[in-house]
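A.B. asks: quick check, what structure comes out for this input:
(chains A and B)
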Number of protein chains: 2
Amino acid sequence: MSPQGSSSLTTNSDCKTFLANRKKEVEEVLWSLLPPPEGMAAQLHKALRYPLEAGGKRIRPILVLTGADFCRGVSGKDVYAGKSWEGVAPDLKQAILTAACAVEMIHTYSLVHDDLPCMDDDDLRRGRPTSHIVFGEALAVLSADALNTLGFQLLACLPERYAIQALRTARELAVACGYPGMVAGQAVDLEYESKPGGEEVLEYIHRHKTAALIRASLLMGAHMVDGSEGDCALLEDVGEKLGLIFQVVDDILDVIGDAQLMGKDAGSDEARGKLTYPALIGLEESKKRVENLSADILARLEGEGDRAQVLLDLTNILVERQA
Amino acid sequence: MSPQGSSSLTTNSDCKTFLANRKKEVEEVLWSLLPPPEGMAAQLHKALRYPLEAGGKRIRPILVLTGADFCRGVSGKDVYAGKSWEGVAPDLKQAILTAACAVEMIHTYSLVHDDLPCMDDDDLRRGRPTSHIVFGEALAVLSADALNTLGFQLLACLPERYAIQALRTARELAVACGYPGMVAGQAVDLEYESKPGGEEVLEYIHRHKTAALIRASLLMGAHMVDGSEGDCALLEDVGEKLGLIFQVVDDILDVIGDAQLMGKDAGSDEARGKLTYPALIGLEESKKRVENLSADILARLEGEGDRAQVLLDLTNILVERQA
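C.D. replies: Next up is the predicted model:
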């Protein structure tokens, strides 16, 4: 996979600094939104924190912030200079960061349930024992249930003067992660482990299981700052394609990736008989699909000027990622 | 347990008709809010519907409607004559009924997860095989996850002109069912199956596992119609005590109840070593506790006039229930 239109891209090290800064910004708020590991339900609180503390790229929260920046017309230069929040009311800044954390809670709950023995039965995630290994199955199920609810609790607790923005954001998140989105993708994915499926099924799985929440992340940021209809339509399109890139690259890395970088063994999809792009259309065709999707995003962002920079860079990062 | 202040109570048959009517009203909306059992994710949709189709008393949704009626000052006579909705805008009526269905989705997801092999490991509920028996564990977990999310999706999709009401309602529901409420109760309940606990622990479990959602149901109805602070404080108090009555009666029925009426075997709590009031303070003391709670509710509703009738009758029904 070669970098797309690299002449217009920010240097790799600028981007890495940006990602690290945004990750830190998100995580500071994240820890403040979790209950302390004490009291009668201390074990539950520990189990809530554990999978979030495992780290991760925080891609979805960063996309929430990016969606808000894009709709507010903040240039890439200003974002990279840490000036995203200039002119934003402090309580709106806090609300956007909280919405960013909400999507991370939802994403994390889905990982904990996916790892359960009755689902993918994974003992390791990001190089650490999974929740059910550490806390037992019952508490793994319950703590992830609580993370699912917490995502919506955070949005419902936003200041009432942002009630309409909060409601739209919650709607976007719920549709993306509930039965019309992520859960449907996971259900169909599991169903087709034991029976043959074609490209139509695989596309359904990717769009629902992964792309829905990534697309929703950009739109959640947009809703929080009253993004225009046109901007929302653009972000929906770009988000969908970013989500598909993310999942196809995931499938590719599962075949050729570095186990150490990924914190899990390569080849696990194949061993499990999972429906993936490399298995269905081969590695080269899969890489080509990623290139086509990223070219589509480039074309869609053409003419959007400086505010498109971060989205272009993020696309490139997701295309190029090694883990 | 003897009826409390029976002179002021509606006759039993009036109440039964009322409950049946409200149940029908709720269920009509409930079915309209669920996806049809078709398409790529047909199995997931079937698994979503299955535990809701098992029936149940729909106590929580009825409490949502009752909370709204109370705050609007509708007399018991009018409620029983089917005149609850007089003067309510059609889209607000639909919104309140949708909020009532949202709490039933949340209650139902919790039952499906409670029944899992890693939790209570129950094969039967309401006389029918439980979800994981019918659909397998993975789909039971996923479909209940989707019900959890759907509860919030329904509230987030309410008309934007009720954005503030919807947000308050979602907040009430999330706090009641998430880590500050129901899930904490279930986590502590499971923890104390394998170690001794006293009355403080048991009270914590009851307040969180059961009372939180029942209290929230009344308050959700109140928020949807902009209930006053005073009315909300009253409903919070009455709801908490109703919830405790519900759980203590549950514990009592598990000792002395009719297995046929309940759709499950009596004595299952004892067999599992569950912490219950009968086990801790004996059957007679437990019954006395129910009587005291119901007397407290009566006292709290003193002077509220005709609008308190339905709450009084519901209290009596929950005290007297056989299943």
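A.B. asks: which residues touch residue A:240?
C.D. replies: With contacts taken as C-beta atoms under 8 Å, 6 or more residues apart in numbering or on different chains, residue A:240 has the following neighbours: A:207, A:211, A:214-215. (Glycine included, C-beta is placed from N, CA and C.)
A.B. asks: kindly apply the preceding question to residue A:48 instead.
C.D. replies: Residues in contact with residue A:48, defined by C-beta under 8 Å, 6+ apart, are A:34-35, A:143, A:146-147, A:150, B:179.
A.B. asks: quick check: pLDDT value at it.
C.D. replies: pLDDT, the model's per-residue confidence, is 97 for residue A:48.
A.B. asks: and the stretch 1-150 of chain A, which residues reach chain B?
C.D. replies: Contact residues, the stretch 1-150 of chain A versus chain B (C-beta under 8 Å from any C-beta of the partner chain): A:35, A:40-41, A:43-45, A:48, A:109-110, A:113, A:116, A:118-119, A:136-139, A:141-143, A:145-146, A:148-150.
A.B. asks: now, the residues you listed that are in helices?
C.D. replies: Helix and strand membership here follows DSSP state H; of those, those in helices are A:43-45, A:48, A:109-110, A:113, A:137-139, A:141-143, A:145-146, A:148-150.
A.B. asks: buried sites along stretch A:82-102?
C.D. replies: Buried residues in stretch A:82-102, defined by neighbour count with 16 or more other C-beta atoms under 10 Å in any protein chain shown: A:84-85, A:88, A:92-93, A:95-102.
A.B. asks: that older thread, narrow the residues of the stretch 1-150 of chain A next to chain B to just the buried residues.
C.D. replies: In terms of neighbour count (16+ other C-beta under 10 Å), the buried residues within the residues of the stretch 1-150 of chain A next to chain B are A:35, A:40-41, A:43-45, A:48, A:109-110, A:113, A:116, A:118-119, A:137-139, A:141-143, A:145-146, A:148-150.
A.B. asks: grab the nearest non-local neighbour of residue A:108.
C.D. replies: What sits nearest to residue A:108 in space, not counting adjacent residues and going by C-beta to C-beta, 6 or more residues apart in numbering or on different chains, is residue A:51, at 5.1 Å.
A.B. asks: gap between that neighbour and residue B:199?
C.D. replies: 34 Å (C-beta to C-beta, to the nearest Å).
A.B. asks: same check on residue A:258?
C.D. replies: 55 Å.
A.B. asks: now residue A:21
C.D. replies: Going from residue A:21 to residue B:199 by C-beta to C-beta gives 51 Å.
A.B. asks: look at those two and report which has more neighbours.
C.D. replies: Taking other C-beta atoms under 10 Å in any protein chain shown, residue A:21 and residue B:199 do not tie; residue A:21 has more neighbours (15 against 11).
A.B. asks: tell me which residues are up against the helix or strand hosting the more buried one.
C.D. replies: Secondary structure assignment for residue A:21, by DSSP states H and E: helix A:12-32. Outside of helix A:12-32, the residues within contact range by C-beta under 8 Å, 6+ apart are A:10, A:52, A:57-58, A:61-62, A:65, A:79-80, A:82, A:94, A:97-98, A:100-101, A:104, A:310, A:313, A:316-317.
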